[in-house]
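S.K.: Any chance you could fold what I've pasted below:
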Amino acid sequence: VIWSARKQSRKTFEKMQAFAQRTGLRLTEQTKLGFTSVESLDGEQHGRAIRYWTYATGSGKSRTTWVAVGVRPRADHGLQFDLTRQNFGSKIMALFGAKEIQVGDPAFDQAWFVRTNQPEFFAAALVPSIRARLMAGPAGRWGAAYRLEKGLVQYVEQGSFTRAEILEQLERQLPLLHELADVAEVAADNRPV
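M.R.: Residues are numbered from 1 along each chain as shown. Take a look at the predicted model:
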């Protein structure tokens, strides 16, 4: 079992090294209990810092592993948002008082649960091209969400770097994340003085 786990860990690490070399990202590794794994991939794209990473929530049998890619806007001035597909979880959040915004596009509003701390600005900022990208995005990905928090526009989904298609999925999200970073920068430019 240990030999198999080491072999899987090594294969994943080699895959991540190859991805980092292909994309020009710096790989940060960590070693725990003799297993070396990738902590994050960091670099720059279109003048913005980008980052791929993994994290876990919960513990024991309730532990869930997540993968994420993020783009750091040059400025965001406190804008926060969270976009998830409408699902059972979003209905529960709404029952417990989560405030959802509507953008005025019935198909989009029916498909997406959107929360933000700047509702009027963000509803107007979700222009048709951004809504179209979101609608074409990963519908069946468990826990998939787009958010701006802690100064980073992020796409997250449940999973790990052991599956090759996960990295491809994360990489496909970068153009949309850059558009959402543009929105954050516009919000910062329009802040009251």
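
S.K.: what are the bridge partners for the nearest residue to residue 100 once chain neighbours are set aside, then?
M.R.: Excluding the flanking residues, the one nearest residue 100 by C-beta to C-beta, 6 or more residues apart in numbering is residue 113, at 5.6 Å. For every residue, glycine as well, the C-beta is placed using N, CA and C. Legend: beta-bridge partners of residue 113 under DSSP bridges are residue 84.

S.K.: What is the burial count for residue 113?
M.R.: Other residues near residue 113 come to 20 when the count uses other C-beta atoms under 10 Å.

S.K.: ok, it touching residue 101?
M.R.: No - judged on C-beta atoms under 8 Å, residue 113 makes no contact with residue 101 at a distance of 9.4 Å.

S.K.: buried residues in stretch 105-114?
M.R.: By 16 or more other C-beta atoms under 10 Å, the buried positions in stretch 105-114 come out as 105, 108, 109, 112, 113, 114.

S.K.: Identify the bridge partners of residue 44.
M.R.: Under the criterion used (DSSP bridges), residue 44 bridges to residue 49.

S.K.: What is the burial count for it?
M.R.: Neighbours of residue 44 (other C-beta under 10 Å): 12.

S.K.: sorry, back to before: check the gap between the residue nearest to residue 100 and residue 182 for me.
M.R.: Separation of residue 113 from residue 182 (C-beta to C-beta, to the nearest Å): 22 Å.

S.K.: Please apply the same query to residue 126.
M.R.: Counting by C-beta to C-beta, the separation of residue 126 from residue 182 is 12 Å.

S.K.: What of residue 151?
M.R.: Residue 151 is 15 Å from residue 182, by C-beta to C-beta.

S.K.: Same question for residue 170.
M.R.: Distance of residue 170 to residue 182, computed by C-beta to C-beta: 19 Å.

S.K.: ok, those two, which is more surrounded?
M.R.: residue 170 (23 against 17).

S.K.: State the helix or strand in which the more buried one lies.
M.R.: helix 164-172 (DSSP states H and E).

S.K.: got a list of contacts for that helix?
M.R.: 15-16, 19, 23, 52, 67-69, 138, 141, 155, 157, 159-161 (C-beta atoms under 8 Å, 6 or more residues apart in numbering).

S.K.: how far is stretch 123-132 from where the chain is centred?
M.R.: 18 Å (C-alpha atoms, centre = their mean, to the nearest Å).

S.K.: how about it: buried residues?
M.R.: Buried-residue list, stretch 123-132, by 16+ other C-beta under 10 Å: 123, 125, 126, 130, 131.
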